[in-house]
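Participant: For reference, the sequence and a predicted model appear below.
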Amino acid sequence: MTGDAGAEAMTGAGHAQLEVRGVTKAFPGCLANDDISFRIEPGEIHALLGENGAGKSTLVKIIYGVLQADQGEVLWDGKPVTIHSPHDAREMGVGLVFQHFSLFETMTVLENIALAMNDVRDMEVLRKQVVEVEKTYGLPLDPDRHVYTLSVGERQRIEIVRCLLQNPKLLILDEPTSVLTPQEVEKLFETLRRLADEGCAILYISHKLHEVKALCQKATVLRGGKVVGGCDPREETAKSMAEMMIGQKLTAPDRGNDRTFGDVRLEVSNLSLASEEQFGTDLKDVNLTVRGGEILGVAGVAGNGQNELFQALAGETEQFAAPDNIKIDGTSVAHFGPRRRRRLGATFVPEERNGHGAIPDMSLAENGFLTAFRRMALTARGLIREVPTRSFADTIIKTFDVRTTGAAADAGSLSGGNLQKFIVGREILQDPGVLVISQPTWGVDAGAATAIHQALLDLAAKGTAVLVISQDLDEIFAICDSVVVMAEGKLSKPRPMADVSIEEIGLLMGGLHDLDGDATPANGTLSTGGRVDQA
Amino acid sequence: MIRLEPRRSHSQAMVYLSPVLAIVMTLIVGGIIFAFMGKNPLEALYTFFILPISDSYGVSELFVKATPLVIIAVGLAMGFRANVWNIGAEGQLTMGAIFGGGLALYFYDSQSVFLLPAMLVFGAIGGALWGAIPALLRTRFNANEILTSLMLTYVATLFLSYLVHGPWRNPEGFNFPESRPFPDAGLLPIIYDGTRVHLGTAIAVFVVIAGWLLLSKSLIGFQLRVVGKAPQAARHVGFRQKRMVWFTLLLSGGLSGLAGLFEVAGPIGQLQPSISPGYGFTAIIVAFLGRLHPVGVLFAGLIMALTYLGGELAQISLGLPSAVTGLFQGILLFFLLACDVLTKYRIRVGSVATKGGAV
């Protein structure tokens, strides 16, 4: 399989910009990279595909000099090189845009860029260079804005400008679009294509396959630390690439035919709540209803108030809203803590697994007990009932096919996908009337994601009201009945999934709430992203 | 080159090995210090650690000293599990002694069988009240309980000093700064004749068992552990941190107060300016050495009690200063904290990464 990609590349003239030969890297108890070989030509946009844990990050760290390979070699312009540190990599011409930005919120764009440069002599010269790069590559960004006023998309632009200032010959992007609206993604792709036209090689890491298909000319697929194939994404479908990644056939979740909805089970009305985080987003007059049997999706770019909405619904906030702002099955609950809300039949799955949804260094039995002890009657006279507690965990493990050594295993020993299955299973088996779930398949392998989606659909079919907060539009289109979009702490009006397009949602994600009218967005407004107040 | 390499998961073996390792290293360093002071290290260590418990009376004294350490440390361990850092057990011990002892002094000619039980209750209440102050300051004003509880220790010891120098001084005591002796009805019964082992020792064993049940088997113990390990998860399921601050400070304060009462109603028999050789502080080491687990605390309490006995003997027969007890306790805590690093990291010599098999 590798032969295809390799042989094709061999016929090209000259040296590859980067070639990796037989790279192997072992960690204690885990072979992260096993004899990996691939090459990128100058001007090529190359996708690195693979599920979590397939070894993508390890490979990138080796190329960027963060880790050293145990075996194998890296060739740059056809010459073997040893990359000792990220500094070496940057000198050589490798730029890396991280998934998580390392920016100082209270400093300006220019100051942040200056901090990352190896030597800055004159801020005015740097400012000119920055403006020039921004103009050349269509990355509008005011060098004097403070970072905390910027949208996530704009923050990413800082990282890209940082890299471009060093004239990279290879630019690596790690999941760059997970925080962008579809329109911002298109804008980013334009920049990347222009860069490639100028001869810069691009290594693009993503699990969003339709984006890979739209952008990349070549792909290397990793699974379990090995290269399992190469392809031309333009000639594949998203499904065929996904199947290559997970190594098995993929089945779309079964949505059932007749979805009927019952009474309203979760009702949020006029909910306004100040964020308890320093740079958080306040909730502004949020309204939504979810009926029994309905799955409502909350789309939006991260950081637009989704965390605050989840905390308000789960009762995690220090300050509560007025009682009537949130109703579960008709009972006003906004002044209740989490335990009383759960007693009324609501369950919750937060975005973060470790330390929020589960406790890594406690056993699965204890983690099952954590949220279920009242609804599953796991205590008696203030003491933990050991046997039912263990068997509840065993039931979750069996019903949701959690791969583990048993209920006594620490939650932290499970892979992300298995732990997420356990957490989702724990809440579903409590037979909830309302389930609020945030980023249900974030960082979860495709097999587990499918299982979780199906479980949510089955739960809704039994009459539960399900609220899914997700940044992943594919996920929302796959399982939701209707969708609302969150931007700047406000919610759009709900729309049935059947008559809404991805472009429309994208516009709403950019903060335009008046699409019902004839307001045509002016060009350029879109690219400013979610939470910007343009001065 | 020696490096620390993160372990993939916490080493359960190291959790239990670390205290043993720390004790061994303490002995080695202790021997070196003795050698520098011109003593034969082996003989000195023998005097310090073996001689005190080489007869049955010595062993009984070990139990007497371990009693307050174990009772206090069980309470502290609960708090430390929930990230509530009560450093003021010494002050709570003192207040317990003042409250319970005050009752005995008020009824100094009583022969009632209810006096002693009432003193136990008052002792626990006194300690709990002294623990309630840091709890209030923490939950209402977010004041750090490490500082407030520590500072209140000095308030309590000075208050005791004032009482025994002034209003509570024994009128027949030739102006010595000490209270009347407690009446017989206000003294703890000796449970083993010919020794000083008193009822408090039996209660300490009961406290260990109850503490173990509470921590490992009860919902409230579960809440303590969750609040300590994952505050965000605790908030998610509605285990309130403030409630845990109150619970652990009242509990550890109450137990410290009880331990203080046991000292004055047991071995001492009256109120004096100084009623504890730092049991409240040593108990912090006991709690950590016992892995914040009540059963571990029982063993750690016996070991730390030995440093008191050994220190006394070293003063008498080797002519070493009394600071040697504190020195050993400090070295032990130091090595324990250092060895605990090994539960999360392993030591690698050289820079070659070993190859693991694929999983």
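Facilitator: Ah, there it is. Numbering: from 1, shown residues only, chains lettered A, B, ... in the order given.
Participant: okay, CA-based contacts and neighbour counts for the rest of this
Facilitator: OK.
Participant: What's the local residue count around B:Thr153?
Facilitator: 22 (other Cα atoms under 10 Å in any protein chain shown).
Participant: isn't it right up against B:Asn86?
Facilitator: No. With contacts counted by Cα atoms under 8 Å, B:Thr153 stays clear of B:Asn86, the gap being 10.8 Å.
Participant: what's the most centrally placed residue in chain B sitting at in phi/psi?
Facilitator: The centre of chain B sits closest to B:Ala283, judged by Cα atoms, centre = their mean, with a distance of 1.8 Å. Here is the backbone geometry of B:Ala283 (degrees, to the nearest 10): phi -60, psi -30.
Participant: Now do it against chain A, distance only.
Facilitator: Distance of B:Ala283 to chain A, given as Cα to the nearest Cα, to the nearest Å: 26 Å.
Participant: before we move on, what about B:Ala300?
Facilitator: For B:Ala300, the distance to chain A - Cα to the nearest Cα - is 24 Å.
Participant: following the helix or strand harbouring that residue, which helix or strand shows up next?
Facilitator: Per DSSP states H and E: B:Ala300 is located in helix B:294-313. Once helix B:294-313 ends, the next helix or strand along the chain (criterion: DSSP H and E) is helix B:323-344.
Participant: Average pLDDT for that following helix, rounded please.
Facilitator: On average, the pLDDT along helix B:323-344 is 88.
Participant: Tell me the gap between it and the middle of its chain.
Facilitator: 15 Å (Cα atoms, centre = their mean, to the nearest Å).
Participant: what packs against whichever helix or strand comes after it?
Facilitator: As assigned by DSSP H and E, the chain's next helix or strand after helix B:323-344 is strand B:345-349. Judged by 3 or more Cα pairs under 8 Å, 6 or more residues apart in numbering or on different chains; DSSP states H and E, strand B:345-349 is in contact with strand B:2-6.
Participant: buried residues in stretch B:10-22?
Facilitator: Neighbour counts over stretch B:10-22 (16 or more other Cα atoms under 10 Å in any protein chain shown) mark B:Met14, B:Val15, B:Tyr16, B:Ser18, B:Pro19, B:Leu21, B:Ala22 as buried.
Participant: And the second one, how far from chain A?
Facilitator: When you say that, I think you mean B:Val15. In terms of Cα to the nearest Cα, B:Val15 sits 13 Å off from chain A.
Participant: ditto for the fifth one
Facilitator: B:Pro19 sits 21 Å away from chain A when distances are taken as Cα to the nearest Cα.
Participant: before we move on, the earlier item: helices or strands up against the helix holding B:Ala300?
Facilitator: Packing contacts for helix B:294-313, counted by 3+ Cα pairs under 8 Å, 6+ apart, involve helix B:56-81, helix B:199-217, helix B:279-289, helix B:323-344.
Participant: List the contacts of that helix.
Facilitator: For helix B:294-313, the external contacting residues (Cα atoms under 8 Å, 6 or more residues apart in numbering or on different chains) are B:47-49, B:51-52, B:61-63, B:65-67, B:69-70, B:73-74, B:77, B:205, B:208-209, B:211-212, B:282-283, B:286-287, B:289-291, B:322, B:324-325, B:328-329.
Participant: Select only the buried ones of those in PyMOL?
Facilitator: Filtering the contacts of helix B:294-313 down to the buried ones (16+ other Cα under 10 Å) takes a single PyMOL command:
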select buried, chain B and resi 47+48+49+51+52+61+62+63+65+66+67+69+70+73+74+77+205+208+209+211+212+282+283+286+287+289+290+291+324+325+328+329
